[in-house]
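J.: build me a structure from this.
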Amino acid sequence: MQKVMLEEIAEIISGLSYRRYLNDDGDKFKIIVQRSFSGDGKLSDFEEISLKHEIKERYFTRENDILMKMTHPYEVVCVKDKDLLISDRIAIIRLKNGYDPEFITHLLANAHIQKQLHIMGGSGKMPHTSLKEIKQLMLAVPDFKTQVKYGELLNTIDEKIMEDLRQVDYDRHLKEAILNDLWGEDDDC
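T.: I've put the predicted structure just below:
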């Protein structure tokens, strides 16, 4: 296991400050904004906007990009969709060869990294961090084969957790439906 700074294993840039490109007559784009991070390692709720100028390719998602919110909570997601526009206050992490994006995503979402970010981000009302600070994050990274194995295992665990949460939610709704049905039979109480 080697300790490396994130900037040693990835190109890290910020998303586009798209507000200066807004134009009702421009091309339509789906854009990843802060609220697009759903907290479960997935992206949703994209904003659709029209922009007036050609946008540089680096601001569009590529498969296996890692995106990190630069504000608290510092959510992290590995992107599978291509050609979504990435807005500002989101760090784009593009790994060099020899690093597994699934594993690095899990690593960046880990409590040790979150603690580093919290310390760097300060204690204001809305803690945030800079690209410079993100680049300096220290990671413990095993060899590539081990990264892939851990990445697959951690993805499987995440899928099980999500399924368990769906089951709990279903059970809560079932319980509530049964109780509501009982109230419906006897409105005299």
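
J.: for the helix ranked longest in the chain, enumerate the helices and strands it packs against.
T.: When the chain is parsed with DSSP state H, its longest helix is helix 144-185. Helices and strands touching helix 144-185, by 3 or more C-beta pairs under 8 Å, 6 or more residues apart in numbering; DSSP states H and E, are helix 101-108. Bear in mind the C-beta positions are built from the backbone N, C-alpha and C, glycine included.

J.: mean confidence for the helix it packs on?
T.: The average pLDDT within helix 101-108 is 95.

J.: before we move on, what about stretch 130-141?
T.: Per-residue scores along stretch 130-141 average to 93.

J.: show me what that stretch is in contact with.
T.: With contacts defined as C-beta atoms under 8 Å, 6 or more residues apart in numbering, stretch 130-141 is touched by 1-7, 9, 12-14, 68, 70, 91, 93, 99, 104, 107-108, 113, 116-117, 120-121, 147.

J.: the lowest-mean-pLDDT helix or strand in the chain: which residues count as buried?
T.: Of all helical and strand segments in the chain, the minimum by mean pLDDT, DSSP states H and E falls on helix 111-121, at a mean of 82. The neighbour-count criterion (16 or more other C-beta atoms under 10 Å) identifies 113-114, 116-118, 120-121 as the buried residues of helix 111-121.

J.: try stretch 92-106
T.: Result for stretch 92-106 [16+ other C-beta under 10 Å]: buried residues 92-93, 95, 99-106.

J.: from those, which single one is nearest Ile157?
T.: Taking C-beta to C-beta as the measure, His106 is the one of these closest to Ile157, at 9.3 Å.
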